[in-house]
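*Asks:* Take this sequence and fold it.
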Amino acid sequence: MEVVTVPPPPPPPMEEPDEPEPEPEPEPPQMDSAPEPLDISQLEVMLNPGFGEFLGGDFGVQLKSAMASSEEMNEIFSSSELDQKARRLNVVQPRLTSTLLRQTPATVVLIFIVDENGRVQDPKVQRTTNPAFDRSALAAIRQWKFEPAKAQGRPVSSRLRQSFSFENNN
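*Replies:* Numbering: from 1, shown residues only. Below you'll find the predicted structure:
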């Protein structure tokens, strides 16, 4: 009887480690639920100070926006009647003087109409913690551009609310 020694089989080929899958993009944050629609009498009592020249500064502004209602030909729709809410296209940050920066923190809540062309109309201060910041917030919001809201596929005017929270980051 003859004994034959067989060499061991070669090791299995090394597998290349799988490249890790890229992490999925995080979903954008959800907007708060829509507040109650405002009536015309509430809008009439809002302040509308003018604006002037301002200097830039190192500050933070937190923006919170919610659809309040829509208006077309003196008819006010609830946001649930819109096919599409107005969307921000161009946002201009408020500019503050060094004097204002020393008065932070402050919050200014504005209400305004975005017309069927996406322009801001009739901005007013709804609430403020420091009226000194109102002009800066109003001047900034007047420069914002929107894609207008749509109802039945047509661009319509809509009323929005925007909150500016001013904080000094120094």
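*Asks:* And the next helix or strand past the longest helix along the chain?
*Replies:* Across the chain, the longest stretch assigned as helix under DSSP state H is helix 134-141. Per DSSP states H and E, the first helix or strand lying C-terminal to helix 134-141 is strand 145-147.
*Asks:* residues of that next one that come out buried?
*Replies:* Within strand 145-147, the residues that count as buried by 16 or more other C-beta atoms under 10 Å are F146. C-betas here are computed from N, CA, C, even on glycine.
*Asks:* who does the following helix or strand past that strand touch, helix- and strand-wise?
*Replies:* If you walk from strand 145-147 toward the C-terminus, the next helix or strand you reach (DSSP H and E) is strand 149-151. Helices and strands touching strand 149-151, by 3 or more C-beta pairs under 8 Å, 6 or more residues apart in numbering; DSSP states H and E, are strand 59-72, strand 154-168.
*Asks:* Quick check: chain neighbours aside, which residue is closest to D83?
*Replies:* Setting aside the residues directly before and after it, D83 is nearest to K150 in space (C-beta to C-beta, 6 or more residues apart in numbering), at 4.6 Å.
*Asks:* Retrieve the pLDDT associated with that neighbour.
*Replies:* Looking at K150, its pLDDT reads 91.
*Asks:* who touches it in this structure?
*Replies:* 82-84, 156 (C-beta atoms under 8 Å, 6 or more residues apart in numbering).
*Asks:* Look up which residues are beta-bridged to it.
*Replies:* Beta-bridge pairing of K150 under DSSP bridges involves Q84, P155.
*Asks:* before we move on, the earlier item: list the helices and strands the longest helix of the chain packs on?
*Replies:* By 3+ C-beta pairs under 8 Å, 6+ apart, helix 134-141 packs against strand 106-114, strand 120-128, strand 154-168.
*Asks:* try 10 Å this time
*Replies:* Contact partners of helix 134-141 among helices and strands, from 3 or more C-beta pairs under 10 Å, 6 or more residues apart in numbering; DSSP states H and E: strand 59-72, strand 106-114, strand 120-128, strand 154-168.
*Asks:* what's the closest of those to K145?
*Replies:* Minimum separation from K145 across the helices and strands packed on helix 134-141 (C-beta to C-beta) falls at strand 120-128, 8.1 Å.
*Asks:* packing partners for the closest one?
*Replies:* By 3+ C-beta pairs under 10 Å, 6+ apart, strand 120-128 packs against helix 40-44, strand 106-114, helix 134-141, strand 154-168.
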